[in-house]
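>>> next come a sequence and a model predicted from it.
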Amino acid sequence: MGIKNSCLIFPFSKANSNSISALLASLDIDPILNELDVMLPNLKTMPINLISEIQKYDKIVLAFSVYTTQLEDVSLMIKQYRQIIQNQELLIFCGGPHAIGDPFSMLINGADIVCTGEGEITFPKIIKKYISNQDFLDTPGIAYFNKSNIFVKNPKENPINLNDFPPFSVKHNLIRPIEITRGCAWKCRFCQIRSRGGSIVRHRSISQILKYIEITIKHYSNRRPDIRFISPNALSYGSSDGKDLDLNYLEELLSSIKNMIGPSGKIYFGSFPSEVRPETITKESVEILKKYSNSSNIILGGQSGSNRLLEYSSRGHDVDETERATKLLIDAGFQVMIDIIFGLPDEKLEDIELTKTHILKLIDLGATIHSHTFLPLVGTPFANQPAGQIHPEYKKFISNLISQKKLKGQHNSQEIQAKIISSRRKKEQKIKRIHLDLI
C-alpha cells in the first residue's frame, strides 16, 4: 500500500469541524490509515497556495463535507484543485448533508465519489482501496457515474454503533463536542437531520461518553473544560425510540459527568449544538437541566405560531406546547431562545398573523426569538418547495423586535441563500432529466 506516497486534503471550516473531526477519527483508529498524511487547509484557502506541499505525493484524496449552503464554494474549490493537480492521481470524495441528500447534485458539481450515508465506515474503506489500487466501486454507501456515465447508487451500510467510533480526532487536535445521539424519530419536512443520521435513534453509551470526556480533560490540562454535546434532541438521550424520555438514564449520564469534571467544570446541555424540543420539557426534565446544565440559555425549536403549518411540516407538536415549555423554563430561571422559521411552504396571511401573535406571547413570557428563513434543503420532503421569503407583513414587525433586542438571527442572509439554492436546484433537476433521457 502506497501510504507514504498518498495524502488526504480535507478543506476545513468551522461549520464542518464536528463532522470532519469524526471522520478523521475513523482514520485514526485504523492501523494503516492513521499513518496517512493529512492536510487541513481552510475551506477558503486557494489551492494554488498548496502546490509545493502537494507535489511530493503520487495519490491525493480530496474530501469535502458539504452543507447545501456551501455548494457554491465547494464547487469552485473542486474546479481549482483539478486545475493544479494534474500530474498526480486525484480522487474527490464528498459527504455531508448536501451529498447525502442529493448525490447526483454533488457528482455534477465535481465529485468522483459521494458518500450517501454515515461516513465512519465508508470513508476509510474508500481511501484504503484507492491508495492500494483496488477497485472501490462496489463499496456500500457510495454513489458515482460509471464508465457509461450512468448514475449508480450502491446500497448503504447498516447504521453504525456510535460506540465503535471516536467522536473526535485527538491526533489532529480536534477536540469537539461529543455526539451522544444520532438519528431522529421525528419527520420534520424541512430538516436534513433524518436524511443524514437516519430514523433509527442510537445513543453513545455512558461509559464511552465518560471515556472521551476524560480525554477532553487531559487535553485541556491547564483548566477544566466546558463539556458540550451533539444531539438532534438533547433530552431524548437514552430513549429507546427517540420520543419517550428516559430521564433516569439521562440523569445517570449527567451526574456521572458532573462527578468527573468536578465543581470547576461546566456542562452545557440543551444549548447549541444540542437543542431541545418543546414536548420534552416537563417539570422533571427542567429539574434535571437546572441541576446539571450550566447552559443559561436553552434553545427550543418552536418553528411557527401556526398549528396548520406545524402539522403540514410534520413537526409533531403544537403552539401550546411551545408556550408551555417556554414558561416552564423561564420560571425555572433559564433564558430561552425560540427558533422560528419565516416563509415556510404554503404560509398564508393567517399563518403570519398567528406566528406574530405567538412570538409576542413568547416575548411576554421572557423569551428571545432566533429567526430563520425557510431553506429548501436537498434530501428533505420540502426540497422542491419554493424558496422561503420574508413576507412584507413581517418586515416592520421584525424590525421592531430587533430594535428591542428581542429577535436575532440570520433570516436576511438565509432569504438570499434560499433563492440561490432554489435556482440551482431547478437547473440541476433539468440536467438530471436530460441525463436520464440520454441513457
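Good, I have the coordinates.
>>> pull the number of nearby residues for Leu43.
Using other Cβ atoms under 10 Å, the number of residues around Leu43 comes to 18. The C-beta positions use only the backbone N, C-alpha and C, and glycine is treated the same way.
>>> can I assume it is in contact with Met77?
Yes. Assessed by Cβ atoms under 8 Å, Leu43 is found in contact with Met77 at 7.0 Å.
>>> overlap in contacts, the two.
Shared contacts of Leu43 and Met77, defined by Cβ atoms under 8 Å, 6 or more residues apart in numbering, comprise Pro11.
>>> what domains does the record give for the protein?
Domains of the chain are assigned by automatic domain parsing as 3-153, 162-430.
>>> how far does the last one sit from its chain's centre?
What that stands for is domain 162-430. How far domain 162-430 lies from its chain's middle: 11 Å, per Cα atoms, centre = their mean, to the nearest Å.
>>> what is the rounded mean pLDDT of that domain?
The average pLDDT for domain 162-430 rounds to 95.
>>> next: the first one.
On average, the pLDDT along domain 3-153 is 95.
>>> okay, the domains of the chain in JSON lines with distance to Leu436 next?
Putting those into JSON lines (distance: least, Cβ to Cβ, whole Å) gives the following:
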{"stretch": "domain 3-153", "distance to Leu436": "8"}
{"stretch": "domain 162-430", "distance to Leu436": "11"}
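>>> end-to-end on stretch 402-409?
Taking Cα to Cα, to the nearest Å, stretch 402-409 runs 9 Å from one end to the other.
>>> now stretch 178-186
22 Å.
>>> cool, and stretch 104-123?
Taking Cα to Cα as the criterion, the two ends of stretch 104-123 lie 18 Å apart.
>>> and the strands in the stretch 201-350 of the chain?
Using DSSP state E, counting those that start in this stretch, the strands found in the stretch 201-350 of the chain span residues 202-203, 226-230, 266-268, 297-303, 335-342.
>>> quick one: closest of these to Ser236.
With Cβ to Cβ, the closest approach to Ser236 among the strands of the stretch 201-350 of the chain belongs to strand 202-203: 8.6 Å.
>>> ok, residues contacting the closest one?
Applying Cβ under 8 Å, 6+ apart, the external contacts of strand 202-203 come out as Pro159, Ile160, Asn161, Leu162, Ile180, Thr181, Arg182, Gly183, Tyr237, Gly238, Ser239.
>>> buried ones among those?
Neighbour-count burial (16 or more other Cβ atoms under 10 Å) applied to the contacts of strand 202-203 gives Pro159, Ile160, Leu162, Ile180, Thr181, Arg182, Gly183, Tyr237, Gly238, Ser239.
>>> among those, which are in strands?
Taking DSSP state E as the definition of strands, the buried ones among the contacts of strand 202-203 contribute Thr181, Arg182.
>>> mind putting the buried ones among the contacts of strand 202-203 in CSV, distance to Thr139 included?
Conversion of the buried ones among the contacts of strand 202-203 to CSV gives the following (distance: Cβ to Cβ, whole Å):
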residue, distance to Thr139
Pro159, 17
Ile160, 15
Leu162, 21
Ile180, 28
Thr181, 27
Arg182, 21
Gly183, 22
Tyr237, 32
Gly238, 33
Ser239, 32
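>>> and of the buried ones among the contacts of strand 202-203, the nearest to Lys4?
Using Cβ to Cβ, Ile160 comes nearest to Lys4 of the buried ones among the contacts of strand 202-203, at 29.3 Å.
>>> pretty sure the closest one contacts Glu120?
Yes. Assessed by Cβ under 8 Å, Ile160 is found in contact with Glu120 at 5.5 Å.
>>> using CSV, list the CA coordinates for stretch 203-216.
Listed next in CSV are the C-alpha coordinates belonging to stretch 203-216 (Å, rounded to 0.1, in the frame of the first residue of the first chain):
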residue,chain,number,x,y,z
HIS,A,203,-27.0,6.6,21.7
ARG,A,204,-23.4,6.5,22.7
SER,A,205,-23.1,4.7,26.0
ILE,A,206,-22.4,6.5,29.2
SER,A,207,-19.1,4.7,29.6
GLN,A,208,-17.9,5.7,26.2
ILE,A,209,-19.0,9.3,26.7
LEU,A,210,-17.1,9.4,30.0
LYS,A,211,-14.0,8.0,28.2
TYR,A,212,-13.9,10.9,25.8
ILE,A,213,-14.7,13.4,28.5
GLU,A,214,-11.6,12.1,30.3
ILE,A,215,-9.6,12.6,27.1
THR,A,216,-11.0,16.1,26.8
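>>> ok, Glu428 - contacts?
Glu428 makes contact with Asp102, Phe104, Ser105, Ile108, according to Cβ under 8 Å, 6+ apart.
>>> check the offset of whichever strand or helix holds the second one from the chain's centre.
Looking back up the chat, that one is Phe104. Using DSSP states H and E, the secondary-structure element containing Phe104 is helix 103-108. Chain-centre distance of helix 103-108: 19 Å, with Cα atoms, centre = their mean.
>>> residues in contact with it?
66, 71, 94, 98-99, 114, 116, 143-145, 151, 153, 378, 425, 428, 431-432, 435.
>>> recalculate using a threshold of 7 Å.
Here helix 103-108 makes contact (Cβ atoms under 7 Å, 6 or more residues apart in numbering) with 66, 94, 98-99, 114, 116, 143-145, 151, 153, 378, 428, 431-432.
>>> now, of these, which are buried?
Buried subset of the contacts of helix 103-108 (neighbour count, 16+ other Cβ under 10 Å): Val66, Cys94, His98, Ala99, Val114, Thr116, Ala143, Tyr144, Phe145, Phe151, Val378, Glu428.
>>> so which of these comes closest to Pro225?
When these are compared for distance to Pro225 (Cβ to Cβ), Val66 wins out at 29.3 Å.
>>> OK, contacts around that closest one?
Contacts of Val66 by Cβ under 7 Å, 6+ apart are Val74, Cys94, Gly96, His98, Ala99, Met106.
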